[in-house]
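1. Need a 3D model of the sequence below.
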Amino acid sequence: MYVDLLAGALDTRLEVLTGDDLVGHVVLCRSEMLASAPYKETSAYTALATEVAYDRALLKLCQAKNIEVLASDFAHPACERRRLETELMGAGINLAALARRQDVR
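-> Numbers count the residues shown, from 1 in each chain. Below you'll find the predicted structure:
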């Protein structure tokens, strides 16, 4: 079901984002996802929407960095996120470190 939601959410809106703008968007989506977990008094719908937004942005960034990924790979979203974040670290993009750097500002 999640794979269907994610695949349906893929649209052209992110196509115009490139380089630092795309990375910044991914970092923002990641921060919003982590801040909206249901146990933090956020509705399940809001938490799901932030997960889809992050995964969609993550997918676009990985594609831009020539990292193989498909929406169908998100059958287990948390595992796929970890895998892709690790792949991005290998490509020189550490999303967690970038998020911490933004929090300091």
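
2. quick one: low-confidence parts of this structure?
-> The chain contains residues with pLDDT under 70 at 11-15, 37-40, 103-105.

3. For it, which segments are assigned as helices?
-> 2-9, 19-35, 44-64, 77-90, 95-104 (DSSP state H).

4. separation between residue 102 and residue 61?
-> 16 Å (Cβ to Cβ, to the nearest Å). C-beta: built from backbone N, CA, C; applies to glycine.

5. Next, give phi and psi for residue 76.
-> phi -120, psi 90 (degrees, to the nearest 10).

6. quick one, what contacts it?
-> Contact criterion Cβ atoms under 8 Å, 6 or more residues apart in numbering gives no residues in contact with residue 76.

7. Residue 75: what's it in contact with?
-> By Cβ under 8 Å, 6+ apart, residue 75 lies in contact with 2, 3.

8. mind checking how far the nearest residue to residue 51 once chain neighbours are set aside is from residue 24?
-> Of all residues not flanking residue 51 in the chain, residue 33 sits nearest, at 5.5 Å (Cβ to Cβ, 6 or more residues apart in numbering). Computed as Cβ to Cβ, the residue 33 to residue 24 distance reads 15 Å.
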